[in-house]
Structure formats: structure tokens, C-alpha cells
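A.B. asks: predicted model and sequence follow; I will ask about them next.
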Amino acid sequence: MTVTLSPHAEAIIREKVDSGRYGSSDEVIEQALQALDERERLERLQAMLQVGLNADDRGEVDEWTPELRERLHLEALERYRRGEQPDPDVLP
């Protein structure tokens, strides 16, 4: 893949490498892409949280009880047995 960077982006990358914190421009770019992925994941999680908060405001949530916890646990086990992959946003 060929990527053309603006002079400003090149200067930032060069500065990061010259600081000694990064060993190469590839390392700087890889870290930047990882930060972008993390930011996008955080934005998705914040949006999902807002959906939940809005549902709570409308009284549309289930009370967290031992029975609900057990039901969710059993549903997760069943999905695991079927080979379904969990949503990556709910994994640690």
C-alpha cells in the first residue's frame, strides 16, 4: 500500500521518531491507528450507554436480579455452545 502524507503529518511523525520515543515511522503510524481504533470503540460504547440511559429514563429496563443474571448467563452459554462469537465491544 502506498500512502501519501501531508507535510504536516510527515513532520509530526518525524518529530515523534526523533524524540526517541518511537523506533520508526511505522511504529508511530501503528500506534496512531491503534489510538484511532480505541477512540472509535469508545464512541460506540458511549452511544450504546446513551441508548441504555434513554431506556432507563423511559422505564424500559429490567431490574438487575439474581434471576436475570442467571438467565443471561445461561443464554451466553448457549450461544457459546452454538459457536457464536461475542460482541467484541463487551469483551475485556
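C.D. replies: Good, I have the coordinates. In this text the structure is predicted, and so the values were computed from the model without any measurement.

A.B. asks: which strands or helices does the helix or strand containing Glu38 pack on?
C.D. replies: In the assignment (DSSP states H and E), Glu38 maps to helix 25-57. With contacts defined as 3 or more CB pairs under 8 Å, 6 or more residues apart in numbering; DSSP states H and E, helix 25-57 has these neighbours: helix 7-18. For every residue, glycine as well, the C-beta is placed using N, CA and C.

A.B. asks: just how off-centre is the helix it packs on within its chain?
C.D. replies: 26 Å (CA atoms, centre = their mean, to the nearest Å).

A.B. asks: for it, which positions count as buried?
C.D. replies: For helix 7-18, burial by neighbour count (16 or more other CB atoms under 10 Å) applies to Ile13, Lys16, Val17.

A.B. asks: isn't the first one up against Val3?
C.D. replies: Spelled out, that is Ile13. No - contact criterion CB atoms under 8 Å: Ile13 and Val3 do not qualify, at 11.0 Å.

A.B. asks: pLDDT of the helix holding Glu38, averaged?
C.D. replies: The pLDDT scores in helix 25-57 average 95.

A.B. asks: and after it, which helix or strand comes next?
C.D. replies: helix 66-81.

A.B. asks: show me what contacts Asp37?
C.D. replies: Listed by CB atoms under 8 Å, 6 or more residues apart in numbering, Asp37 has no contact partners.

A.B. asks: make 35 the first number, not 1, from now on.
C.D. replies: Shifting the count to begin at 35 puts that one at Asp71.

A.B. asks: for it, give its distance to Ala81.
C.D. replies: Distance from Asp71 to Ala81, counting by CB to CB, to the nearest Å: 16 Å.

A.B. asks: swap in Lys50?
C.D. replies: For Lys50, the distance to Ala81 - CB to CB - is 31 Å.
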